[in-house]
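In: only geometry, no sequence info:
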């Protein structure tokens, strides 16, 4: 399993403001196309999906393919209409899910 993902986003934003969110998760991302020292294929093991929700509502999602680099970095924007908790999820080929949460408040 990967170590804790890194997430960068503002701690607060004005209602309607568009913020930038940056994520980075540690993962080897084995494409399944390489061979080991004995010439046997190394099984594919990649993060194949990413989702982000704010208070249970979808904000951003993407599907990742074998060509993605190790330790995938994902950057996207989101419009903030309410304070709450962002939930991030990275899904691995083996079905495991790496999750993280970050809170955001509205500026007074």
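Out: Arrived safely, thanks for sending. The structure presented is a predicted model; accordingly, all values stated were derived computationally and were not measured.
In: can we go C-alpha only for contacts and neighbour counts from here?
Out: Fine.
In: tell me the secondary structure for residue 51?
Out: Classification of residue 51 by DSSP: H, G, I helix; E, B strand; the rest coil places it in strand.
In: and it, bridged to which residues?
Out: On the basis of DSSP bridges, residue 51 is bridged to residue 61, residue 89.
In: model confidence for it, exactly?
Out: The per-residue pLDDT reported for residue 51 equals 98.
In: what of residue 47?
Out: The model's pLDDT for residue 47 equals 89.
In: separation between the closest residue to it other than its chain neighbours and residue 5?
Out: Once flanking residues are discounted, residue 47 sits nearest to residue 92: 4.2 Å by C-alpha to C-alpha, 6 or more residues apart in numbering. According to C-alpha to C-alpha, to the nearest Å, residue 92 and residue 5 sit 14 Å apart.
In: likewise residue 57?
Out: 21 Å.
In: in stretch 37-53, what's buried?
Out: 45-53 (16 or more other C-alpha atoms under 10 Å).
In: in the chain, what residue sits furthest out from the centroid?
Out: residue 38 (33.8 Å; C-alpha atoms, centre = their mean).
In: contacting residues for the nearest residue to residue 62 once chain neighbours are set aside?
Out: Spatial nearest neighbour of residue 62, excluding adjacent residues (C-alpha to C-alpha, 6+ apart): residue 50 at 5.4 Å. Applying C-alpha atoms under 8 Å, 6 or more residues apart in numbering, we find residue 50 in contact with 61-64, 88-91.
In: likewise residue 14?
Out: 80, 106-108.
In: which of the residues you listed count as buried?
Out: 80, 106.
In: of all the contacts of residue 14, which comes closest to residue 32?
Out: Here the nearest of those to residue 32, counting by C-alpha to C-alpha, is residue 80; it sits at 38.9 Å.
In: I figured the closest one hits residue 19, correct?
Out: Yes. Using C-alpha atoms under 8 Å, residue 80 is in contact with residue 19, at 7.3 Å.
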